[in-house]
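1. sequence and predicted structure below; questions after.
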Protein chains: 2
Amino acid sequence: MSYQLHYWPTIQGRGEFVRLALEATGANYVDVARQPPAKGGGEAALGRSLNDPDNPRPSFAPPFLVDGDRLVGQTATILLYLGSRLGLAGAGEADGLWTQQLQLTIADAVAEAHDTHHPISGNAYYEDQRDAALQRAKAFREERIPKFLGWFEQVLKRNPAGHLHLVGNSLTYADLSLFQLVAGLRYAFPKTTAGVLADTPLVAGLHGNVSRRERVHAYLQSPRRIAFNEEGIFRHYPELDG
Amino acid sequence: MSYQLHYWPTIQGRGEFVRLALEATGANYVDVARQPPAKGGGEAALGRSLNDPDNPRPSFAPPFLVDGDRLVGQTATILLYLGSRLGLAGAGEADGLWTQQLQLTIADAVAEAHDTHHPISGNAYYEDQRDAALQRAKAFREERIPKFLGWFEQVLKRNPAGHLHLVGNSLTYADLSLFQLVAGLRYAFPKTTAGVLADTPLVAGLHGNVSRRERVHAYLQSPRRIAFNEEGIFRHYPELDG
């Protein structure tokens, strides 16, 4: 039985954190909305799944994961579910909670990155909230990117098991998600992020190491990896990079 | 041994979701930063704990919980940890994940409520971002409060175990957190929230039922419940309520 991931078919978005966990472990999965419509693919089908009136435990938004008769929504909860099954959550309860705590901090950074281009409303165009976006992006560049990446640098530095992983000495979904956060920041804010990564060499090293893992590397080169674009969470609007 | 909650001493904020879980179950805990400085209380001591350079697993921000040699940060992760210990996470893994999924959706709503008064930067004064705040609050009132509370109404309506709880037929931390979200929205956006609650009677009912639970009621009447104020997440600025 394979996992079914349900997420928007044309962006990395929050679904990418789940895709990375599945890809990095060679898990068997179907990215449902990217299948042909005859196989349940497409945005219309995703909308129907999301809004199925007979589902007693609906998700507020994509992504959600189906595993047999189990249905789990919210990116971090999906990773909590997959983490223990795919061996991506460290060893024992304490590591598992710490991995999840790291994931939620990454999720906070991701939400803030989104709001740099949509500081007023997710339902309005960027162009109609550009003035506020310029202000919010400035604060994000100056105050938040350094604070988030600086904190992860400290976490790596203080890890008693070594500085190559966030949790213990093996890969967790928090490592994969930090890779994705850095990749997104590099795409959206290339100038700013290059400057911050120069001061956070362990974070930069983790990003590089994850990208060179055999399965991750193969995934990133494959057509399954959707390119960053200006419909997703991390968008490159040069004026927002200062 | 009692739990130690570390959070800002003068606001409900995100710490309140943890306080409610502890209070509703009669758990033994110390709200550390609200103790006298001689007992480790005060904001300066909280800052020192947060920034302890010898802590290998630091939190990005308060709240964090200490339980013996365990230290857990991020509100939802703290509740994940406490949920199973305090009997507030339903029965079994599926209920536990669903409770956490609900909590993360509440956390999303809380973050958006915060950003209505700080749409540009958490480090700048409200007065210096008031124009953007007026716009963001309008979108939050018109698009987001109805969407979030409408979704929770559906969850309650579809719960096969009855419409009084979000998960199964007993209290979980998701119920307590939804109570707190509604309480905060009623404080910050009284006109808007009254209108939405008229259309979401099960959510309104849950808020009332939780507030009347014996331990919750006693807590809400006690000096331990900090009043809502304009330093916290839910702030009443009448101009933002339309």
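-> Structure's in. What do you need?

2. now A:Leu20, nearest residue through space, not along the chain?
-> Leaving aside its sequence neighbours, A:Leu20 sits nearest to A:Leu176 (C-beta to C-beta, 6 or more residues apart in numbering or on different chains; 4.3 Å). The C-beta positions use only the backbone N, C-alpha and C, and glycine is treated the same way.

3. that neighbour is in what secondary structure piece?
-> helix A:173-188 (DSSP states H and E).

4. do the following helix or strand past that helix and chain B meet?
-> Going down the chain from helix A:173-188, the next helix or strand is helix A:190-199, by DSSP H and E. No. Between helix A:190-199 and chain B, judged by C-beta under 8 Å from any C-beta of the partner chain, nothing touches; the nearest distance is 15.4 Å.

5. what mean pLDDT does the helix or strand where A:Leu65 lies get?
-> Using DSSP H and E, A:Leu65 sits in strand A:64-67. What strand A:64-67 shows for mean pLDDT is 98.

6. strand partners of that strand, parallel vs antiparallel please.
-> Paired neighbours of strand A:64-67 in the sheet (DSSP bridges): strand A:3-6 (antiparallel), strand A:70-73 (antiparallel).

7. could you export stretch A:29-38 as CSV, CA atoms only?
-> What follows is stretch A:29-38 as a C-alpha-only set of coordinates in CSV (Å, rounded to 0.1, in the frame of the first residue of the first chain):
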residue,chain,number,x,y,z
TYR,A,29,3.7,7.3,-2.6
VAL,A,30,1.4,8.9,-5.1
ASP,A,31,1.3,12.6,-5.5
VAL,A,32,-2.4,12.4,-6.2
ALA,A,33,-3.2,15.8,-7.6
ARG,A,34,-0.4,15.5,-10.1
GLN,A,35,-1.9,12.4,-11.6
PRO,A,36,-4.1,12.7,-14.7
PRO,A,37,-7.8,13.6,-14.0
ALA,A,38,-8.8,10.0,-14.8
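
8. touching, A:Lys157 and A:His163? I think so.
-> Yes. When contacts are counted by C-beta atoms under 8 Å, A:Lys157 is listed as touching A:His163 (6.2 Å).

9. common neighbours of these two, please.
-> Counting by C-beta atoms under 8 Å, 6 or more residues apart in numbering or on different chains, the common neighbours of A:Lys157 and A:His163 are A:Leu202.

10. who's more crowded, those two?
-> A:His163 (16 against 13; other C-beta atoms under 10 Å in any protein chain shown).

11. distance of A:Arg161 relative to A:Gly168?
-> In this structure residue A:161 is Ala, not Arg. As judged by C-beta to C-beta, to the nearest Å, A:Ala161 and A:Gly168 stand 5 Å apart.

12. and what of A:Leu202?
-> For A:Leu202, the distance to A:Gly168 equals 15 Å [C-beta to C-beta].

13. which helix or strand contains A:Ile145?
-> helix A:145-158.

14. that helix to helix A:173-188, inter-axis angle?
-> 150 degrees (axes from the mean of the first three to the mean of the last three C-alpha atoms, to 10 degrees).

15. near chain B, anything from helix A:145-158?
-> Yes. Helix A:145-158 comes into contact with chain B (C-beta under 8 Å from any C-beta), by way of A:Phe148, A:Trp151, A:Gln154, A:Val155, A:Arg158.

16. next one: the strand holding A:Leu65 to chain centre, how far?
-> 17 Å (C-alpha atoms, centre = their mean, to the nearest Å).

17. give me the contacts around that strand.
-> With C-beta under 8 Å, 6+ apart, strand A:64-67 has contacts from A:1, A:3-6, A:18, A:49-50, A:71-73, A:78, A:81-82.

18. please repeat the previous calculation with a cut-off of 6 Å.
-> Outside of strand A:64-67, the residues within contact range by C-beta atoms under 6 Å, 6 or more residues apart in numbering or on different chains are A:Tyr3, A:Gln4, A:Leu5, A:His6, A:Val72, A:Gly73, A:Ile78.

19. could you dump the lowest-mean-pLDDT helix or strand in chain A to PDB, C-alpha only?
-> Using mean pLDDT, DSSP states H and E, helix A:43-50 stands out as the lowest-scoring helix or strand of chain A, at a mean of 93. C-alpha atoms of helix A:43-50 as PDB (Å, rounded to 0.1, in the frame of the first residue of the first chain):
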ATOM      1  CA  GLU A  43      -7.000  20.800  -8.700                       C
ATOM      2  CA  ALA A  44     -10.700  20.200  -9.100                       C
ATOM      3  CA  ALA A  45     -10.300  16.700  -7.700                       C
ATOM      4  CA  LEU A  46      -8.200  18.000  -4.900                       C
ATOM      5  CA  GLY A  47     -10.900  20.500  -4.000                       C
ATOM      6  CA  ARG A  48     -13.500  17.800  -4.000                       C
ATOM      7  CA  SER A  49     -11.300  15.600  -1.700                       C
ATOM      8  CA  LEU A  50     -10.700  18.500   0.600                       C
END
